[in-house]
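> Got a predicted structure here, sequence first:
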Amino acid sequence: MAATAIALAAALGGGLLLIARRFWSAAGVKQSITAATGLMEGKTVIITGANSGLGRATAAELLRQRARVIMACRDRGRAEEAARELRAELGLCSRGGGECRGELLVRELDLASLRSVRSFCQQVLQEEPRLDVLINNAGIFQCLYMKTEDGFEMQFGVNHLGHFLLTNLLLGLLKNSAPSRIIVVSSKLYKYGEINFDDLNSELHYNKSFAYSRSKLANILFTRELARRLEGTGVTVNVLHPGIVRTNLGRHIHIPFLAKPLFNLVSWAFFKSPLEGAQTSIYLASSPEVGGVSGKYFGDCKEEQLLPIAMDDLVGRKLWDISEVMVGLLK
């Protein structure tokens with residue numbers, strides 16, 4: 001009986017600790033948001049993949065800071081639905097004018113299609129006089145082997161190449177709007193990646209976990225090389241890992257039906273909420289503390305050290321040169 005009572009007490013205590021942890025985390029996030037209201041007033045922000053998860057949470061908080069946010073999303077229907085919800089929740093305008101707390105626009109962008117990326121950028125350049133922040137947030141995680149419209153392995157194509165072309169096509173506008181910022185969402189899983197220039201398209205060998213890690217490593221190498229190229233322009237670029245977050249990014253991962261309740265409990269207790277995970281993106285987009293910081297890697301709103309694999313400048317420059325050819329910036 002005593003052993004049973006101890007076990008029950010331990011389980012109850014552990015459960016109470018988990019609940020307390022969730023509420024303490026949420027309270028800290030709310031406090032940081034309240035303090036930053038109005039920080040982004042008059043600034044235009046593009047966020048890829050902004051209709052759900054980290055992107056939606058980032059959009060909501062930057063809108064609370066009175067930013068003008070452009071949701072760049074593959075599924076226009078889902079994006080419009082998310083935009084309606086955000087406008088109702090925050091009291092926003094669909095277009096400029098009037099007494100508005102912020103402005104939210106939806107634009108179609110499929111990062112698995114270079115044609116779509118170019119079309120999106122052409123529209124932005126025609127309609128937007130300035131761009132203050134570009135957040136490369138969208139991504140695909142551990143999908144089965146498939147190819148983009150242009151024949152690239154999906155994870156490398158979307159997570160790296162799509163954003164590579166997007167950023168390059170918008171660089172002129174970002175420079176003209178300086179001081180401006182570029183934020184790239186990577187992952188701690190970069191440490192398991194490797195840039196194999198003989199098989200960037202994974203046609204010789206494909207492992208969905210490795211392919212994701214490689215695309216996230218490419219994000220970091222791209223950020224560091226871009227920061228070098230942008231020195232003296234007034235445009236900064238930084239990369240981050242959001243931590244383990246409860247989003248639909250893992251939709252391609254199969255979890256046995258009977259294990260789902262346990263997984264949901266564990267994820268609720270230990271994974272970050274989208275709002276918690278978005279804090280570093282929000283910080284890098286809006287905080288005066290990082291106004292002149294560039295080429296750095298962040299987690300939990302603090303600079304972190306990279307492993308040597310992500311700091312190889314020769315690999316970064318070679319990846320840049322090859323990426324230019326792959327997306328058609330160089331023939």
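Cool, got the structure.

> for the stretch 101-250 of the chain, what spans make up the helices?
With DSSP state H, counting those that start in this stretch, the ranges of helices along the stretch 101-250 of the chain come out as 114-127, 154-156, 163-176, 208-229.

> what is the mean pLDDT for the last one?
For helix 208-229, mean pLDDT rounds to 98.

> Okay, strands next: where are they in the stretch 51-200 of the chain?
68-73, 103-108, 133-136, 180-185 (DSSP state E, counting those that start in this stretch).

> Which of these sits closest to residue 51?
Proximity to residue 51, assessed across the strands of the stretch 51-200 of the chain by Cβ to Cβ, is greatest for strand 68-73 (4.7 Å). (Each C-beta comes from the backbone N, C-alpha and C, glycine too.)

> Tell me the helices and strands packed up against the closest one.
If contacts are counted by 3 or more Cβ pairs under 8 Å, 6 or more residues apart in numbering; DSSP states H and E, strand 68-73 sits against strand 44-48, helix 53-64, helix 76-90, strand 103-108.

> could I get the helices of the stretch 101-250 of the chain as TSV with distance to residue 76 and mean neighbour count?
Shown next, in TSV, are those (distance: least, Cβ to Cβ, whole Å; neighbours: other Cβ atoms under 10 Å):
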stretch	distance to residue 76	mean neighbour count
helix 114-127	11	16
helix 154-156	20	24
helix 163-176	17	20
helix 208-229	24	23
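
> out of those, which comes closest to residue 141?
Closest approach to residue 141 among these is made by helix 208-229 (5.6 Å; Cβ to Cβ).

> Check which helices and strands the closest one is in contact with.
If you count contacts as 3+ Cβ pairs under 8 Å, 6+ apart, helix 208-229 packs onto helix 154-156, helix 163-176, strand 180-185, strand 235-241, helix 313-326.

> And these: which comes nearest residue 287?
Closest among those, once you apply Cβ to Cβ, is strand 180-185, at 10.0 Å.

> just for this protein, where's the confidence low?
Residues of the chain meeting the criterion pLDDT under 70: 1-37, 93-101, 245-272, 331.

> okay, the strands of the stretch 51-200 of the chain in CSV with mean neighbour count and distance to residue 279 next?
Formatted as CSV, the strands of the stretch 51-200 of the chain follow (neighbours: other Cβ atoms under 10 Å; distance: least, Cβ to Cβ, whole Å):
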stretch, mean neighbour count, distance to residue 279
strand 68-73, 27, 17
strand 103-108, 20, 20
strand 133-136, 28, 13
strand 180-185, 26, 12
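
> Show the contacting residues for residue 205.
residue 199 (Cβ atoms under 8 Å, 6 or more residues apart in numbering).

> oh, I was asking about residue 296
238-239, 303.

> Tell me the buried residues within those.
Buried by 16 or more other Cβ atoms under 10 Å: 238-239, out of the contacts of residue 296.
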